[in-house]
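1. Sequence and predicted structure are below.
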Protein chains: 2
Amino acid sequence: MKIGVFDSGIGGLTVVKSMLEHELFEEIIYFGDTARVPYGIKDKNTIIRYAIEAVEFFKNFELDLIIVACNTVSAYALDEMRESSPCPVIGVVEAGIQAASNAVNDKDSNILILGTKATVNSKAYEKGLKSLGFNNLEAKATGLFVPLVEEEIYSGIVVESIFNHYFKDVESPDAIILGCTHFPLISESIQNYFGKETILIHSGDAIVEQLEKEFTFTKKYKNPNLKFFASENPDALKAVAKKWLNK
Amino acid sequence: MKIGVFDSGIGGLTVVKSMLEHELFEEIIYFGDTARVPYGIKDKNTIIRYAIEAVEFFKNFELDLIIVACNTVSAYALDEMRESSPCPVIGVVEAGIQAASNAVNDKDSNILILGTKATVNSKAYEKGLKSLGFNNLEAKATGLFVPLVEEEIYSGIVVESIFNHYFKDVESPDAIILGCTHFPLISESIQNYFGKETILIHSGDAIVEQLEKEFTFTKKYKNPNLKFFASENPDALKAVAKKWLNK
């Protein structure tokens, strides 16, 4: 299978990392819209427009599947992408909803959803989880998390003060959905803050879980063919890919 | 005079605020590229491309002057904008350099330049100040300041921990250039952190100082004609304009 991975920027590399660890694909084509990143502060219509342009870009390759690694795009533009794409499109939000539901047995469990302003405003996670019977839900737009990761600040006093700012009224949740591809980079700090009982749902692992359920993988690809594209400054994407993926 | 004000997003409204306080212009046309904000994390070539597109947009109006309120654009794209613009273009970086030089008498004074990653990487402030004889310069890319302001966190423990993060090795400077239009919103906290002896240079005041030096204003405009344009979500720009400008 030859797949495309779309993200607003570099964050989707955390999803690629999960897929590489599971050696699922022969060829992965990554596109990060670094010239217009971040999407999480932007308007629904703009996000949809940019997402459709990404589908157009992917038409240059004969893909079997497009994976939307960006939560904000998955929350707003999946239907529109599916309409204009010649191949199936799956997104991390649907995968995350399913993964959370699988990880948490009790329907009364407390689930905390973290995401960008746009993702949280979409209520996509809440709608999905409610339809599966979960009602004890809380969502927080944690706007400083992406810039924290971009500044490579993953732990310490700055992170703690920002956690206290967002979480001062939050009861310790049973599960937390890391509803943005940047957040796995501070997941250790989040885990430490809430304690080891709290289950963290990671978009990359969630999508792998969904893929392994929906498709039959007969072969492992230890050295897949990787291609990275960026709408600006591909060198910056390359540098981060090297660091995060060791590739 | 009918002027255009260009910014990557909403930050340039702090520059408009200064101009309104001085009642300089009959008509102000503001354009914020909210669909692609922020510019401060982006590449030089991308910034230049977007800036030239802004000049094209302003050609729809018969302007007497374009003011670039965004430090990042002023640092990278002023020459290119001037080449393609039918009217003069001035930017906050040149104005800020002049204002700092006027405010600080001693050429040995310590000047701290704060800005986005792109602005700091450009070294535009350092080059200008060095050419005026200042050598005691330090620049810090404070990437978390814009998101702080966007989150409407202007003071308190989060701000303090972030200041400690960026400024732990910084000696108390004689002057600080607030090299991003978002930073005036946390200028009170910056002033408190470094003490009241430190002079803060604000892009809006700097541009007014430059305008009053270069042009003769014979009339005051108490109620200028204001038009706001955004490349996405104009309602969000409108809401912030109402709050920041009381207009």
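-> Done, it's in. Numbering: from 1, shown residues only, chains lettered A, B, ... in the order given.

2. Now the residue nearest in space to the middle of chain A: closest residue in space that isn't a chain neighbour?
-> Nearest residue to the geometric centre of chain A (Cα atoms, centre = their mean): residue A:181, 3.8 Å. Distances taken as Cβ to Cβ, 6 or more residues apart in numbering or on different chains put residue A:11 closest to residue A:181, at 3.4 Å, once the chain neighbours are dropped. (Each C-beta comes from the backbone N, C-alpha and C, glycine too.)

3. List the contacts of whatever helix or strand residue A:191 lives in.
-> For residue A:191, the enclosing helix or strand under DSSP states H and E is helix A:187-194. Residues outside helix A:187-194 that contact it (Cβ atoms under 8 Å, 6 or more residues apart in numbering or on different chains): A:154-155, A:159-160, A:163, A:167, A:172-173, A:176, A:178, A:183, A:198, A:200, A:202.

4. and of those residues, the nearest to chain B?
-> Using Cβ to the nearest Cβ, residue A:160 comes nearest to chain B of the contacts of helix A:187-194, at 7.8 Å.

5. List the residues that contact the closest one.
-> Here residue A:160 is in contact with A:189, A:193, B:161 (Cβ under 8 Å, 6+ apart).

6. got a markdown table for the residues you listed, with pLDDT and distance to residue B:90 too?
-> A markdown table is the format used below for the contacts of residue A:160 (pLDDT from 0 to 100; distance: Cβ to Cβ, whole Å):
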| residue | pLDDT | distance to residue B:90 |
| --- | --- | --- |
| A:189 | 98 | 44 |
| A:193 | 97 | 47 |
| B:161 | 98 | 37 |
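
7. buried subset of the residues you listed?
-> A:189, A:193, B:161 (16 or more other Cβ atoms under 10 Å in any protein chain shown).

8. Closest one to residue B:131 out of the residues you listed, please.
-> Nearest to residue B:131 out of those is residue B:161 (Cβ to Cβ; 36.4 Å).

9. wait, what's in contact with that closest one?
-> A:157, A:158, A:160, A:161, A:162.

10. Excluding covalently adjacent residues, which one is nearest to it?
-> In space, residue B:161 is closest to residue A:161, 4.1 Å off (Cβ to Cβ, 6+ apart).

11. Over to that neighbour. Which of the three states is it?
-> At residue A:161 the chain is in helix, as set by DSSP: H, G, I helix; E, B strand; the rest coil.

12. how close does it get to residue A:235?
-> 33 Å (Cβ to Cβ, to the nearest Å).

13. Write out the residues of chain A neighbouring chain B.
-> By Cβ under 8 Å from any Cβ of the partner chain, the residues of chain A that approach chain B are A:34-37, A:41-43, A:45-46, A:143-144, A:146-148, A:150-151, A:153, A:157-158, A:160-162, A:164-165, A:232-233, A:236.

14. List only buried entries from the residues you listed.
-> A:34-37, A:41-43, A:46, A:143-144, A:146-148, A:150-151, A:153, A:158, A:160-162, A:165, A:232-233, A:236.
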